[in-house]
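Trainee: Got a sequence here, can you build the structure:
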Amino acid sequence: MVITDLAKDYDDLAAMVVLKELHRLGFVRLEAFIANLEPSRKRAIYGRVNLDSVGLQDVPIGVGTKASTKKHEEYKYEFDSPLMPDEKTFQPNKDNFFEDGSELLDLVFNRAIEEDRKVHLLLISSLTDIAEYTDTEDRLKTFQKAVGRVYMQGGYSISTEGIPTPRGDAANNTFDMPAAERFHPRLENIPSDVYTKVAAYATNIPASIFNDLGDTKHPIGKDLQNRYQRQGVQFYKTACGPKPVNGITQEKFLHNLSSFYEKHPPGKQTSEKGTPLPEDGTPLPDPGKDFDPNEKFNPDKYEIIPYLTKGLMYDALPALATGGDHLVDILGVLDTESMANQTSIHKVIGTPKQDDLDANPNIDSKRMAFVVSTILKGGLYDSVQNSPGSQLE
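Mentor: Prediction:
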């Protein structure tokens with residue numbers, strides 16, 4: 001059971017492709033998706049057509065909550081997809097599209113209880129929906145009886161009593177921190193794995209994977225390629241602006257998320273904003289103008305795109321983990337030595353820097369990048385014949 005803010009970033013869609021492959025190969029059985037974060041119904045429609053395009057027509061999706069204590073700023077790239085229909089005229093099949101996501105949670109959880117089995121829950125967005133669901137005593141009991149394990153993209157610490165406590169440096173917590181604070185203690189007796197941004201940043205997904213995905217000719221591959229470029233441009237614009245996200249300034253972006261300084265090493269002089277200038281006199285990449293919603297996106301207009309080197313697949317990592325410990329062990333994507341030191345039922349993959357200890361990604365960075373990239377490409381090649389108008393050359 002997956003709760004996701006599809007279309008906000010490319011990693012949610014990548015996670016869906018990973019899950020589709022695990023489902024096809026028999027490592028998981030996908031029960032349902034819920035799309036949250038306003039406009040949540042539009043995200044659910046986006047999710048519905050993407051699920052259909054990879055042969056998951058029978059996997060239902062529900063409309064989640066607005067999922068944030070603040071109004072979400074919808075970026076122009078979010079729903080610019082070759083599969084996205086007109087929201088106003090789209091008529092979903094009521095059997096696989098739930099207008100109320102909590103009803104879908106009820107259906108999945110109660111069915112599991114009736115069949116005497118457990119549901120694994122993948123939470124890769126705001127925790128508003130699952131917190132509100134478990135706020136009532138009856139539904140909390142249903143949750144505790146039905147759920148066998150929770151996988152998350154976020155961040156928590158584990159108290160001396162063994163209870164997860166949400167960290168304030170995880171975006172999925174800060175969307176709705178009161179919800180995160182209510183929900184985390186409810187995991188006390190339910191095993192969980194949280195994949196943090198430390199693990200995501202250590203997973204060096206090469207930018208070339210997005211060209212490979214576009215070359216599959218699958219609409220999702222084209223969407224991921226376009227979305228990566230547009231998000232890279234948007235991220236760079238923000239890094240160059242007065243309010244960089246997560247401390248990623250222009251300098252940090254050029255060092256960590258691009259090849260610019262590798263090709264043009266920085267010298268001693270700096271720009272007006274304090275960004276080091278290249279020794280060879282090459283100007284810093286211009287952030288470019290804002291996207292024109294009436295024009296087709298043209299990557300040639302943006303100087304940063306040729307230097308983009310790395311994709312951040314936050315949500316794909318916990319999605320891969322849902323295949324189970326045995327699969328993760330066989331794939332060799334975790335650092336087994338550092339993970340062996342974690343004895344709680346709650347596991348942190350990507351431990352942040354603490355006191356005098358450096359951050360530890362707890363993964364085999366190259367292996368994780370290789371596995372995720374391979375599954376993404378394989379998943380789309382397998383699905384290419386299932387998409388109308390899509391053809392493998």
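Trainee: Report the rounded mean pLDDT for stretch 116-126.
Mentor: Stretch 116-126 comes out with an average pLDDT of 98.
Trainee: Mind listing what's buried along it?
Mentor: Buried residues in stretch 116-126, counted by 16 or more other CB atoms under 10 Å: 119-126. Placement of C-beta: from N, CA and C, glycine included.
Trainee: Now, those that are in strands?
Mentor: 119-124 (DSSP state E).
Trainee: Dump those residues to JSON lines, plus distance to A171.
Mentor: Formatted as JSON lines, those follow (distance: CB to CB, whole Å):
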{"residue": "V119", "distance to A171": "25"}
{"residue": "H120", "distance to A171": "22"}
{"residue": "L121", "distance to A171": "19"}
{"residue": "L122", "distance to A171": "16"}
{"residue": "L123", "distance to A171": "13"}
{"residue": "I124", "distance to A171": "11"}
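Trainee: Would you map the strands across this protein?
Mentor: 2-4, 33-35, 61-63, 97-98, 119-124, 147-153, 156-158, 164-166, 192-195, 205-206, 266-270, 276-278, 310-311, 346-349.
Trainee: Could you look over the ones you listed and pick the most buried one?
Mentor: Counting by mean count of other CB atoms under 10 Å, strand 33-35 has the highest mean neighbour count of the strands of the chain, with a mean of 31.
Trainee: hey, where'd the helices end up in the stretch 151-300 of the chain?
Mentor: With helices called from DSSP state H, counting those that start in this stretch, the stretch 151-300 of the chain shows them at 171-174, 177-183, 197-202, 208-215, 219-240, 250-256, 260-263.
Trainee: Give me the most central residue, this protein.
Mentor: D315 (2.9 Å; CA atoms, centre = their mean).
Trainee: Pull the contacting residues for that residue.
Mentor: By CB atoms under 8 Å, 6 or more residues apart in numbering, D315 lies in contact with 4, 9, 11-12, 14-15, 124, 153.
Trainee: and with 6 Å instead?
Mentor: Contact analysis of D315 by CB atoms under 6 Å, 6 or more residues apart in numbering lists 11-12, 15, 124, 153.
Trainee: now do T351
Mentor: By CB under 6 Å, 6+ apart, the contact set of T351 is N360.
Trainee: Please name whichever of the helices of the stretch 151-300 of the chain is nearest to L308.
Mentor: When the helices of the stretch 151-300 of the chain are compared by CB to CB, helix 219-240 sits nearest L308, at 4.6 Å.
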